[in-house]
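Engineer: Sequence and computational prediction follow.
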Amino acid sequence: MSTEPPRLPAAPEVLEQINRLLERLLRLTSSVACFVFRWQVIRSKLVSLQSLISDAAEFPHWKENQLIPPLLALILSDLRRTEILWRDCHEDSVSRGKLLMQSDLDIAAGLLSKQINDLGMVLRSGVLDKPNRSSSKEELVFFVKDLFIRLQIGIGGPEFKRKAFDSLVNLLFNDEKSAAIVAEQGNVGYLVSQLDLSVDSSIRELAVVS
């Protein structure tokens with residue numbers, strides 16, 4: 001008997017949780033006595049993320065973008081981990097060594113940077129219709145850029161990446177104009193990297209066809 005994967009909470013609900021947690025973290029990190037520099041870095045990331053989240057809430061048709069729900073879930077998870085780190089610092093926990101805490105804070109800052117970058121890319125990509133033979137060059141360019149964002153962003157799991165590769169392959173086979181646009185606007189180096197043996201075989205096969 002097959003079981004369906006757990007459904008993600010509705011994006012508006014997650015967005016509300018993120019906003020509340022961001023406000024709390026910005027308040028908490030305004031005065032931290034330990035690892036001050038690292039917390040300043042994290043706080044600057046939180047400020048940038050808050051601005052992007054505000055943009056996301058006002059972005060036209062953002063609820064229609066399939067990349068938004070899994071990305072918001074990742075952001076919420078990372079913010080919760082950041083709050084746990086603040087609590088450990090605040091309580092001066094002796095169970096976590098100084099070097100380990102420094103490493104955890106650096107990892108937290110890196111994860112927030114990635115989410116900022118990914119969310120920015122998603123917001124720039126928007127929601128685009130699949131092009132057809134009558135599509136203009138401008139429409140093809142936007143669609144190709146969006147596809148490569150979906151390929152590179154790394155959220156939504158292998159299924160999202162396979163769908164993006166399928167769309168790219170279909171585009172290349174069905175529109176002769178698209179090859180030049182993919183070469184010019186896409187990231188050919190990324191396609192080559194997907195030929196590595198460490199990449200999932202189904203993804204690798206699609207990269208070969210592309």
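Structural biologist: It's in.

Engineer: And the closest residue in space to residue 187 that isn't next to it in sequence, how far from residue 172?
Structural biologist: Distances taken as CB to CB, 6 or more residues apart in numbering put residue 148 closest to residue 187, at 5.2 Å, once the chain neighbours are dropped. All C-beta spots, glycine's among them, are computed from the backbone N, C-alpha and C. Residue 148 is 13 Å from residue 172, where distance means CB to CB, to the nearest Å.

Engineer: more neighbours, those two?
Structural biologist: Higher neighbour count among residue 148 and residue 172: residue 148, with 21 against 16, using other CB atoms under 10 Å.

Engineer: thought the more buried one was touching residue 184?
Structural biologist: No. With contacts counted by CB atoms under 8 Å, residue 148 stays clear of residue 184, the gap being 11.8 Å.

Engineer: Walk me through the domains of the chain.
Structural biologist: 11-125, 137-209 (automatic domain parsing).

Engineer: weakest of those domains by average pLDDT?
Structural biologist: When the domains of the chain are compared on mean pLDDT, domain 137-209 scores lowest, with a mean of 72.

Engineer: Find the centremost residue of this protein, please.
Structural biologist: residue 118 (3.5 Å; CA atoms, centre = their mean).

Engineer: Helix, strand or coil: sort out residue 104 for me.
Structural biologist: Secondary structure, DSSP: H, G, I helix; E, B strand; the rest coil: residue 104 is helix.

Engineer: measure the residue nearest to residue 187 to residue 179 for me?
Structural biologist: As defined by CB to CB, residue 148 lies at a distance of 14 Å from residue 179.
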